[in-house]
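[1] Quick check, what structure comes out for this input:
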Amino acid sequence: MYQQPDYSQYSTTDFFNDAQFVSHVLKADETSDAYWKQQAEAYPRQAKLMEEARIWILLINQQQPYQSSFKPAILWERIEGDIRLQDRRERRFLRPLRRTVRWAGAVVVAALLVLVFMEITQLGSKERTTAYGKKEQLILPDESVITLNGNTNIRYSRTWRSDKPREIWMSGEAFFEVKHVAVKNRLQESDSFHVHVGGLNLTVLGTRFNVKSRRALTEISLLDGSLRIRKDGPGGFERIMKPGDAFVYDSTLNALAGSEKKASGNSAWTQNELALDGYTMQEILHILQDTYGYEIRLNSPELAVKRMTGTIPAQSAEDILLVLRQVFDIKIEENGKHLTISQN
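    From the prediction side, this is the model:
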């Protein structure tokens, strides 16, 4: 005799693995629509989890078969890099330690053991920080790709396990191209990709999105796939994003709102461009400060609210300054990394 599951205790993964729910998502009919609508009304707290599972099922069902994008030469280069890294650790720590154990006293041995311990504790994570005005592209252990803008920091585990989610901690600005690793009819912890930024937890399976976190504001722009924004703790919330969505989270107000900027424009920097629709001059000056490291004095405060439209070249800060001079007819005095801006 069929016994209906207790959906009140279901998680997103449980719905994903429920054969009846999967069949409804992929081959819906009037009967299944009515049944699952009834369950959503009976268990309103699970409605969001059902929607999230539905999105993940569709994403995995539509994805292309997974193929490694690495050529053998690139794979061999990575292997050689790991070998060289291990050899450096061997020369730096293990060989001196063996000699010390053989010849030195207990005090020296203890000191070296402390050094070895400190090195080992750093082996589990990898951290990268870009300089002002410098972009960098990283390939993660799962072959996902991150493009870092200037003055950006990320941290992640050197190796990712199958029983743990893929996780990144970041500040600054980065564009993510997350690799699909899930397979049809299966969802496990490692299939999801988490970005921890500005007090938010972003969860995706495989997608392209831009994240910018500066000055207590976190902007998330989704180009492809699906993304869940979650804020834990007091005033917590969840939001599912669709392609083309752009949201801004203000951590000082604990408020999430839609952005007037276009999602596609927010990632234009990866193509050495700057999409300025919706930007005030003050926001452009913030880019020069946060991404390029300038200190700016604005002698004419009325300039701060002026707006620009269109897309401009932005391969360097000099490109942006040239456009500001021509469009706003302003005077910009440069002294190294110090700018003084006045009305002509």
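
[2] In this protein, what residue spans correspond to helices?
    12-17, 19-26, 30-42, 47-62, 72-89, 95-103, 106-123, 281-290, 317-328 (DSSP state H).

[3] These: lowest mean pLDDT?
    Note on the helices of the chain: helix 106-123 shows the lowest mean pLDDT, a mean of 53.

[4] was I right about W160 contacting P141?
    Yes. Using CB atoms under 8 Å, W160 is in contact with P141, at 4.9 Å. C-betas here are computed from N, CA, C, even on glycine.

[5] In terms of neighbours, single out the busier of the two.
    Using other CB atoms under 10 Å as the criterion, W160 and P141 rank with W160 on top: 17 against 13.

[6] Can you give me the separation between the more buried one and I312?
    38 Å (CB to CB, to the nearest Å).

[7] So for this protein, the centremost residue is which one?
    In the chain, the centroid-proximal residue (CA atoms, centre = their mean) is V195; its distance is 4.8 Å.

[8] Let me see the contact set for the residue nearest to it when sequence neighbours are not counted.
    Spatial nearest neighbour of V195, excluding adjacent residues (CB to CB, 6 or more residues apart in numbering): L202 at 4.2 Å. L202 is in contact with H194, V195, H196, F209, V211, I220, L227, R228, I229, R230, counting by CB atoms under 8 Å, 6 or more residues apart in numbering.

[9] Can you pull the residues that touch both of W160 and P141?
    Counting by CB under 8 Å, 6+ apart, nothing touches both W160 and P141.

[10] what about the strands in the stretch 151-300 of the chain?
    153-157, 166-177, 193-197, 200-204, 208-214, 217-224, 227-231, 237-241, 246-250, 255-258, 273-275, 279-280, 295-298 (DSSP state E, counting those that start in this stretch).

[11] Of these, which stretch is the most buried?
    Among the strands of the stretch 151-300 of the chain, ranked by average contacts under mean count of other CB atoms under 10 Å, first place goes to strand 208-214 (a mean of 23).

[12] Average the pLDDT values over that one and round to the nearest integer.
    96.

[13] what is the orientation angle of it with strand 217-224?
    170 degrees (axes from the mean of the first three to the mean of the last three CA atoms, to 10 degrees).

[14] So in that sheet, which strands flank strand 208-214, and in what orientation?
    strand 166-177 (antiparallel), strand 217-224 (antiparallel) (DSSP bridges).

[15] Give me the angle between it and strand 227-231.
    Using the same axes, to 10 degrees: strand 208-214 against strand 227-231 is 30 degrees.

[16] and strand 208-214, how far out from the chain's middle?
    The chain centroid and the centroid of strand 208-214 are separated by 6 Å under CA atoms, centre = their mean, to the nearest Å.
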